[in-house]
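> Got a sequence here, can you build the structure:
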Amino acid sequence: MGKVLIHATVTVDGFMADSDGGVDWMFDAESVEADTALVNRVVREIGAVVGGANKTQTIEPGEEPYGGMLKVPVFLMTHSPRGPIEKDGTTYAFLDDLPQAVEQARTAAGEKAVALLGGSISRQCLELGIVDEIQLHVVPILLGRGISLFSGLERPVNLERLETEAFAGGIHLRFRVLQPG
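Below you'll find the predicted structure:
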């Protein structure tokens, strides 16, 4: 089975979104072909996605993971599970058990990676010890406040740096999560 990967774009001060949940700042950063090639390489590794569901358990325009460009199964966490939704060739399943969702995503992804999206999902999976790697794209901006990717993590997590690339659009960091014991 493939690895479980936290894949996120963050600011230099560690925010994945502004205080209102907006991510427009991501698209204002300068980038070059090497930035795009690296991000596309990571995206090609992804075979399934686990993230959080919106309050209405719908998939509104603009809410599709990776802008809808990935046609892989998406497992969304909710307190009220329901049947799946098909939209534009992607199946969205709604589950209330995170370890079960990750396991289903791993099965669906086969040898490809499962991407974890969102701070809460990422932190919970780190706490459960089921994250293999973290891939961060650090954009050169300071928001000062916003929604942190890792704030609230209950324990230290040791990482081994696997890759560092720096281009016009920012710094790309890849880490292996070192599991205790």
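
> neighbours of the nearest residue to residue 145 once chain neighbours are set aside, just the number please.
Counting by Cβ to Cβ, 6 or more residues apart in numbering, residue 145 lies nearest to residue 19, which is 5.5 Å off, once chain neighbours are set aside. For the C-beta atoms, the positions are set from N, CA and C on the backbone; glycine is no exception. Using other Cβ atoms under 10 Å, the number of residues around residue 19 comes to 11.

> Give me the buried stretch members for stretch 111-124, please.
By neighbour count with 16 or more other Cβ atoms under 10 Å, stretch 111-124 contains the buried residues 112-119, 121-124.

> Keep only those of the residues you listed that are in strands.
Counted as lying in strands by DSSP state E, out of the buried residues of stretch 111-124, are 113-116.

> Number of residues surrounding the nearest residue to residue 178 once chain neighbours are set aside?
If the residues on either side of it in the chain are set aside, residue 178 comes closest to residue 158, at 4.3 Å by Cβ to Cβ, 6+ apart. Around residue 158 there are 10 other residues, counting by other Cβ under 10 Å.

> for residue 158, what are its contacts?
Residues touching residue 158, when contacts are defined by Cβ atoms under 8 Å, 6 or more residues apart in numbering, comprise 177-178, 180.

> Filter these down to the buried ones.
For the contacts of residue 158, burial is judged from neighbour counts taken by 16+ other Cβ under 10 Å, and it is met by residue 177.

> Fine by me, we can end here.
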